[in-house]
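# I'd like to go over a predicted model; first the sequence, then the structure.
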Amino acid sequence: MALRVEHDIFLVRQRGREVAAAVGLEHQDQVRLATALSEVARDLLQTVDGADVTFAVDHDARTGRQLLRVDLAPTRPLPGGRYEPRSGAVARLVDMLGVTGHGGDTVVRMSRRLPAHAPALTPERLAELRAELASNAPGTALDELAAQNAQLINALDEVRSQRDELAVLNAELQETNHGVMALYNQLTEELEETNRGVVALYAELDEKSAQLRAASESKSRFLANVSHELRAPVTAIIGLARLLADSASDPLTAEQARQVGLIRSSAADLLSLVNELLDLAKAESGRLEPNWTEVDLHGVFGQLRGTLRALSNRPEVELVVEEPPAPATVRSDEVLLAQVLRNLLHNGLKFTERGEVRLRAERQDDRWSLSVSDTGVGIPPELHERVFEEFYQVPGTTRVGGTGLGLPYARRLVTLLGGTLELTSEPGRGSVFTVVLPAGGV
Ligand code: ADP
């Protein structure tokens with residue numbers, strides 16, 4: 001099409017819309033392209049006295065879609081070889097608007113992609129469209145003005161319906177906001193209520209643990225008092241029985257001597273129970289304060305070796321006290337530590353028929369690991385924690401004597417010394433009791 005006079009602007013616009021409709025652009029896009037085209041046409045008519053307008057269909061290599069291209073070849077070279085639409089909004093009406101080519105071949109080009117669902121434009125179909133468009137006589141400026149008005153009314157209608165939609169959306173959004181706020185408030189309330197519940201629960205727990213502590217303290221006090229009161233009469237019984245059996249006293253019959261012997265050994269058992277109870281009660285009541293010193297393990301081990309050798313009266317069981325590796329010092333309470341180890345070694349000797357009972361010390365970084373292992377009867381895994389309970393004795397082991405207070409007492413002492421006492425054992429293969437202590441004390 002030739003664009004030479006003002007009237008041509010209408011024709012170019014009209015044709016642009018027709019072509020856009022024919023190649024499958026949607027209604028809105030037809031109007032956009034036609035509007036952009038008439039704006040550019042007006043610009044070119046004013047600046048370079050017109051242009052030759054060509055409509056073409058191209059293939060967009062990037063998207064694989066077809067696009068409608070309009071080239072406006074100016075009748076005179078563009079000033080500075082450049083073109084800027086007077087209204088910046090024009091460029092937004094199409095996908096591309098710009099200048100291509102050089103010198104005399106410069107054209108102003110605009111293009112718009114066809115929708116993906118538009119029918120493919122074969123050369124045959126294009127020939128048909130060309131014939132159809134040629135048969136349409138171009139309308140008058142008045143026709144185009146009427147068409148433009150109709151488009152404007154449509155566009156206004158659309159804007160109004162979009163505004164209404166927006167209002168509805170806004171209302172919905174507000175409602176959703178209300179809902180979210182209500183939910184938030186409800187959640188906050190629930191959370192506060194839960195918090196109140198938790199606080200109350202903690203208060204109750206505190207109260208319960210205070211009660212428990214009080215009960216445990218009164219138990220310890222009771223044990224301590226009773227044990228203390230029992231010790232004197234039991235010691236007296238032992239003394240008296242010894243006197244009775246003494247060779248300086250009146251001779252006893254064999255039966256009497258046997259009975260006195262029974263009294264003595266029963267009283268001795270009772271005394272050791274009373275002593276152990278007293279120890280445990282003391283440790284539990286927190287009245288036992290470790291006397292922290294730099295303990296020489298070498299010395300402690302030597303002492304244990306000496307005192308316990310006397311206890312190991314089975315030739316089939318060897319007592320091995322290894323030399324602790326130097327520097328063999330630990331910050332601890334020597335008496336309490338020796339008591340724990342003696343207790344464990346004593347147990348080992350009690351529950352081992354043959355093999356060995358071994359005490360070994362190992363230094364691991366900042367801790368000492370002191371283990372007492374034996375090759376005795378062992379303890380079933382499910383009882384590994386129970387043997388640390390007061391008075392618990394593994395069924396079938398009671399005949400060797402004891403009170404079931406040694407291990408709980410030992411664990412209490414080790415805890416007091418800032419360490420742990422653990423057991424690994426397998427029935428029939430032996431047991432290992434391990435005391436782990438911080439080398440620097442607590
Ligand atoms: P006691 O030795 O006075 O019975 P303990 O508290 O020292 O009390 O030990 C509790 C129980 O744990 C023992 O009765 C025994 O059944 C078991 N036990 C302790 N040490 C060993 C061990 N080295 N080997 C096998 N069983 C053991």
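Cool, got the structure.

# three-state assignment of the residue in the chain sticking out farthest from the centre?
Ranked by distance from the centre of the chain (CA atoms, centre = their mean), the top residue is D250, with 81.1 Å. Look at D250: counting by DSSP: H, G, I helix; E, B strand; the rest coil, its state is coil.

# That one: what's it in contact with?
D250 makes no contacts at all, as judged by CB atoms under 8 Å, 6 or more residues apart in numbering. C-betas here are computed from N, CA, C, even on glycine.

# how close does it get to Q256?
Distance, D250 to Q256, using CB to CB, to the nearest Å: 10 Å.

# and what of T35?
Taken as CB to CB, the span from T35 to Q256 is 134 Å.

# Which of those two has more residues huddled nearby?
T35 (20 against 13; other CB atoms under 10 Å).

# helix, strand or coil for the more buried one?
Here T35 is helix, with the state taken from three-state DSSP.

# For the stretch 1-150 of the chain, which segments count as helices?
With DSSP state H, counting those that start in this stretch, the ranges of helices along the stretch 1-150 of the chain come out as 6-23, 27-48, 123-135, 141-245.

# before we move on, back to that, which pLDDT value belongs to the residue farthest from the centre of the chain?
pLDDT, D250: 85.

# hang on, the earlier thing: need the helices of the stretch 1-150 of the chain in JSON lines (columns: distance to V357 and mean pLDDT).
Shown next, in JSON lines, are these (distance: least, CB to CB, whole Å; pLDDT from 0 to 100):
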{"stretch": "helix 6-23", "distance to V357": "102", "mean pLDDT": "91"}
{"stretch": "helix 27-48", "distance to V357": "97", "mean pLDDT": "92"}
{"stretch": "helix 123-135", "distance to V357": "104", "mean pLDDT": "88"}
{"stretch": "helix 141-245", "distance to V357": "29", "mean pLDDT": "88"}
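
# For the ligand, find the nearest of those.
Closest to the ligand of the helices of the stretch 1-150 of the chain, according to CB to the nearest ligand atom: helix 141-245, at 15.9 Å.

# Could you check the angle that closest one makes with helix 27-48?
Per axes from the mean of the first three to the mean of the last three CA atoms, to 10 degrees, the angle that helix 141-245 makes with helix 27-48 is 120 degrees.

# list the helices and strands helix 141-245 packs on?
helix 6-23, helix 27-48, helix 254-284 (3 or more CB pairs under 8 Å, 6 or more residues apart in numbering; DSSP states H and E).

# Now distance to P315 too, for the helices of the stretch 1-150 of the chain, in a markdown table please.
Shown next, in a markdown table, are those (distance: least, CB to CB, whole Å):
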| stretch | distance to P315 |
| --- | --- |
| helix 6-23 | 113 |
| helix 27-48 | 109 |
| helix 123-135 | 115 |
| helix 141-245 | 30 |
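
# Using JSON lines, lay out these together with distance to the ligand.
Compiled in JSON lines, the helices of the stretch 1-150 of the chain are given as follows (distance: least, CB to the nearest ligand atom, whole Å):
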{"stretch": "helix 6-23", "distance to the ligand": "97"}
{"stretch": "helix 27-48", "distance to the ligand": "91"}
{"stretch": "helix 123-135", "distance to the ligand": "99"}
{"stretch": "helix 141-245", "distance to the ligand": "16"}
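
# Identify whichever of these lies nearest to S312.
Closest to S312 of the helices of the stretch 1-150 of the chain, according to CB to CB: helix 141-245, at 25.1 Å.

# how far off helix 254-284 does that closest one point, in degrees?
150 degrees.

# pLDDT wise, what is the residue in the stretch 201-350 of the chain that the ligand sits nearest to at?
Nearest residue of the stretch 201-350 of the chain to the ligand: N347, at 3.5 Å (CB to the nearest ligand atom). In this model, N347 is scored at 94, pLDDT.

# where's it relative to V400, distance?
Distance, N347 to V400, by CB to CB: 10 Å.

# repeat for T235
The value you get for T235 to V400, if CB to CB is used, is 25 Å.

# What of A328?
Distance, A328 to V400, by CB to CB: 32 Å.

# Likewise for D250?
Distance, D250 to V400, by CB to CB: 36 Å.

# one step back: quick one, which of N347 and V400 is more surrounded?
Neighbour totals were compared for N347 and V400, and N347 leads with 23 against 11 (other CB under 10 Å).

# mind listing what's buried in the helix or strand harbouring the more buried one?
Assigned by DSSP states H and E, N347 belongs to helix 334-350. Using 16 or more other CB atoms under 10 Å as the test for burial, helix 334-350 gives 334, 336-350.

# before we move on, what about stretch 166-174?
Going by 16+ other CB under 10 Å, stretch 166-174 has no buried residues at all.

# Send me that stretch as CSV with only the CA atoms.
Presented in CSV, the C-alpha positions along stretch 166-174 are these (Å, rounded to 0.1, in the frame of the first residue of the first chain):
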residue,chain,number,x,y,z
LEU,A,166,-10.8,-6.4,40.1
ALA,A,167,-13.3,-5.0,42.6
VAL,A,168,-14.7,-8.6,43.1
LEU,A,169,-11.2,-9.9,43.5
ASN,A,170,-10.4,-7.1,46.0
ALA,A,171,-13.5,-8.0,48.0
GLU,A,172,-12.5,-11.7,48.0
LEU,A,173,-9.0,-10.8,49.0
GLN,A,174,-10.4,-8.7,51.9
